[in-house]
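Novice: Fold the following.
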Amino acid sequence: MSYTQEVLEVVRKRNANEPEFLQAVSEVFESIEPVIARQKKYRDAKILERIVEPERMVVFRVPWQDDQGNFQVNRGFRIQMNSAIGPYKGGLRFHPTVCASILKFLAFEQVFKNSLTTLPMGGGKGGSDFDPKGKSDNEVMRFCQSFMTELFRHVGPDTDVPAGDIGVGGREVGYLFGQYKRLANEFTGVLTGKGLNWGGSLIRPEATGYGCVYFAQEMLATRNDGIQGKVCTVSGSGNAAQYTAEKLIQLGAKVVTMSDSNGFIHDADGLDQEKLEWIKDLKNRRRGRIREYAEKFKATYHEGKRPWGIPCDCAFPCATQNEINGEDAKKLLQNGCILVSEAANMPSDPDAIHQFVAKKILYGPGKAANAGGVATSGLEMCQNSMRLPWTREEVDKRLHHIMVTIHKNAYNTAAEYGQPGNLVVGANIAGFVKVADAMLDQGLV
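Specialist: A predicted model of the protein is given here:
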């Protein structure tokens with residue numbers, strides 16, 4: 001049994017009830033085995049044993065009062081995974097499924113994703129099992145204030161800088177920041193995803209989706225191909241999905257699906273900017289369901305299904321973890337899909353990933369393809385530190401450059417380790433080496 005497998009066995013015993021975390025660790029360990037075998041220094045310093053353990057886990061209760069005057073209690077989390085290359089950085093997720101396993105997997109992935117951005121950011125993640133859906137603005141505000149009342153002592157611009165994630169948009173970030181400012185008595189860049197008129201960055205809402213498409217362009221360029229004219233399936237209808245679709249439309253691709261947790265719509269004519277703006281209003285303001293699109297624009301609605309059976313050239317999973325399983329991957333490949341670029345975190349399960357890699361399609365794993373979001377959060381941190389806003393063009397230019405650099409790094413690293421074109425291996429090794437070397441430089445931390 002190799003050193004990597006030995007450590008993985010220990011991780012499985014210690015975290016037996018955390019399937020998402022185990023899946024993320026297994027995927028990374030499988031990829032980095034060549035570098036671990038080549039570099040004795042990582043084995044001697046027990047880097048793997050250290051990198052899988054969070055530096056700190058904070059779990060706390062969040063009491064709040066609903067509009068009827070009833071007391072409610074949720075559970076809050078912050079996983080501070082690794083700060084070897086900078087302050088902890090990663091989103092807050094408010095969703096009923098939030099638990100330690102999901103947040104640990106997200107924090108673990110975040111460490112390597114942030115490493116790939118070239119920016120000095122460590123990895124963390126947090127959130128609560130609170131569900132903002134169906135709640136009034138006042139209920140969301142009271143929850144966020146209670147949540148931040150505990151969290152504020154664990155975060156700071158040079159310690160831990162949270163952002164948004166599923167269930168945490170501009171409204172929630174505003175309420176969280178307001179409470180931090182009140183408690184800490186300071187106006188600092190402790191949260192990213194802020195409003196543009198009080199420290200936010202242009203392009204931040206668009207960054208995850210735009211970056212995912214920029215990454216897809218780079219993958220296609222390695223085969224002398226481009227995105228124009230490609231039929232694309234997109235899952236989800238939240239922030240990442242909306243701006244993935246928007247950039248695809250701008251570049252001349254044909255987006256034919258979007259979805260939510262109830263099902264997906266198939267618009268054979270393709271979405272245009274007007275239709276997409278309608279979806280943005282439906283989801284961001286009216287908080288409606290995607291089936292309403294089918295009624296409005298005479299599209300087909302598929303209840304309780306995912307869009308991966310629709311023939312496409314390129315697939316962009318933008319919803320949640322493990323939304324593409326082995327059967328979904330088989331359908332995509334049978335229908336001629338040549339590219340998968342992940343705007344969501346770990347949306348493909350291990351069976352699906354193995355099929356994509358085996359068939360040698362262009363596959364951009366989430367920690368590389370969706371790093372544009374956290375990269376632009378890093379750019380927001382830079383602007384906050386300087387007290388200077390950058391123009392939309394400047395931020396977009398920097399985002400594009402970062403995504404090109406991430407692809408180049410992953411592509412070259414894959415070739416260096418004898419697996420040309422395998423961006424799973426390339427991204428994992430490139431992200432790991434930077435963090436591991438920083439840990440070695442800093443001694444026993």
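Novice: residue ranges with poor pLDDT in the stretch 201-350 of the chain?
Specialist: Within the stretch 201-350 of the chain, no range satisfies pLDDT under 70.
Novice: Now the phi/psi pair for the closest residue to residue 157 other than its chain neighbours, please.
Specialist: Here the nearest residue to residue 157 in space, its sequence neighbours aside, is residue 188; by CB to CB, 6 or more residues apart in numbering that works out to 4.4 Å. In short, each C-beta sits where N, CA and C put it, glycine included. The phi/psi pair for residue 188 (degrees, to the nearest 10) reads phi -130, psi 170.
Novice: show me the contacts for residue 188.
Specialist: Residue 188 makes contacts with 156-157, 384, as judged by CB atoms under 8 Å, 6 or more residues apart in numbering.
Novice: Filter these down to the buried ones and hand me the PyMOL line.
Specialist: The PyMOL selection below is limited to those of the contacts of residue 188 classed as buried (16 or more other CB atoms under 10 Å):
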select buried, resi 156+384
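Novice: Select from the contacts of residue 188 every entry located in strands.
Specialist: Among those, the subset assigned to strands under DSSP state E is empty.
Novice: Please flag which of the contacts of residue 188 sit within helices.
Specialist: residue 384 (DSSP state H).
Novice: would TSV of the contacts of residue 188 with pLDDT be doable?
Specialist: Formatted as TSV, these follow (pLDDT from 0 to 100):
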residue	pLDDT
156	97
157	96
384	95
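Novice: Put together CSV for the contacts of residue 188, with distance to residue 445 on each row.
Specialist: Compiled in CSV, the contacts of residue 188 are given as follows (distance: CB to CB, whole Å):
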residue, distance to residue 445
156, 19
157, 21
384, 27
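Novice: ok but residue 133 is inside a strand, no?
Specialist: No - under DSSP: H, G, I helix; E, B strand; the rest coil, residue 133 falls outside any strand and is assigned coil.
Novice: Setting the sequence-adjacent residues aside, check what's closest to it.
Specialist: Distances taken as CB to CB, 6+ apart place residue 287 nearest to residue 133, at 6.9 Å, with adjacent residues excluded.
Novice: That neighbour and residue 235, how far apart?
Specialist: Distance, residue 287 to residue 235, by CB to CB, to the nearest Å: 19 Å.
Novice: go on, residue 115?
Specialist: 27 Å.
Novice: Look at these two and report which has more neighbours.
Specialist: Remark: of residue 115 and residue 235, residue 115 carries more neighbours, 30 against 26, as counted by other CB atoms under 10 Å.
Novice: Doesn't that one lie inside a strand?
Specialist: No - going by three-state DSSP, the assignment for residue 115 is helix, not a strand.
Novice: Tell me how far it lies from residue 88.
Specialist: With the distance defined as CB to CB, residue 115 ends up 13 Å from residue 88.
Novice: Identify the contacts common to the two.
Specialist: Applying CB under 8 Å, 6+ apart, one finds that residue 115 and residue 88 are jointly contacted by residue 123.
Novice: Help me confirm that residue 320 comes into contact with residue 344.
Specialist: Yes - contact criterion CB atoms under 8 Å: residue 320 and residue 344 qualify, at 5.8 Å.
Novice: Mutual contacts of those two, please.
Specialist: residue 236.
Novice: Tell me which of these two has more neighbours.
Specialist: Between residue 320 and residue 344, residue 344 has the larger neighbour count (other CB under 10 Å), namely 27 against 18.
Novice: give me phi/psi at the more buried one?
Specialist: Torsion angles, degrees, to the nearest 10, at residue 344: phi -90, psi 170.
Novice: That one contacts residue 322, correct?
Specialist: No - look at residue 344 against residue 322 with CB under 8 Å: they stay out of range, at 9.6 Å.
Novice: And the nearest residue to residue 252 once chain neighbours are set aside, how far from residue 263?
Specialist: Closest residue to residue 252 apart from its sequence neighbours, by CB to CB, 6+ apart: residue 228 at 3.8 Å. Between residue 228 and residue 263 the computed distance is 29 Å (CB to CB).
Novice: The two: who's more crowded?
Specialist: Shown here are residue 228 and residue 263; by other CB under 10 Å, residue 263 has more neighbours (17 against 12).
Novice: Quick check: closest non-adjacent residue to the more buried one.
Specialist: In space, and not counting its chain neighbours, residue 263 is closest to residue 303: 4.4 Å by CB to CB, 6+ apart.
Novice: Could you count how many residues lie near that neighbour?
Specialist: By other CB under 10 Å, neighbour count at residue 303 equals 8.
Novice: hang on, isn't it packed against residue 265?
Specialist: No - taking contacts as CB under 8 Å, residue 303 lies outside contact range of residue 265: 10.7 Å.
Novice: if I look at the two, which residues touch both of them?
Specialist: Jointly contacting residue 303 and residue 265 under the rule CB under 8 Å, 6+ apart are residue 291.
Novice: For residue 316, name its beta-bridge partners.
Specialist: residue 234 (DSSP bridges).
Novice: separation between it and residue 131?
Specialist: Distance of residue 316 to residue 131, computed by CB to CB: 26 Å.
Novice: Please enumerate the strands of the stretch 151-300 of the chain.
Specialist: 160-163, 231-234, 254-260, 263-266, 300-303 (DSSP state E, counting those that start in this stretch).
Novice: elements contacting the fourth one?
Specialist: It stands for strand 263-266. When contacts are defined as 3 or more CB pairs under 8 Å, 6 or more residues apart in numbering; DSSP states H and E, strand 263-266 sits against strand 254-260, helix 291-297, strand 300-303.
Novice: so of those, which one's packed in deepest?
Specialist: Across those, averaging neighbours per residue (mean count of other CB atoms under 10 Å) puts strand 254-260 on top, at a mean of 25.
Novice: just checking, what packs against it?
Specialist: strand 231-234, helix 239-250, strand 263-266.
Novice: Other residues contacting the second one?
Specialist: Which is helix 239-250. Contact with helix 239-250 is made by 164, 169, 205-210, 212-214, 227, 232, 234-235, 255, 258-259, 271-273, 276, 279-280, 283, 316, 318-319, 343-344, 370, 373, as judged by CB under 8 Å, 6+ apart.
Novice: what's residue 380 in contact with, if anything?
Specialist: Each residue near residue 380 by CB under 8 Å, 6+ apart is listed here: 189, 192-194, 199-201, 204.
Novice: what about the longest helix in the chain?
Specialist: The longest helix of the chain (DSSP H) is helix 392-416.
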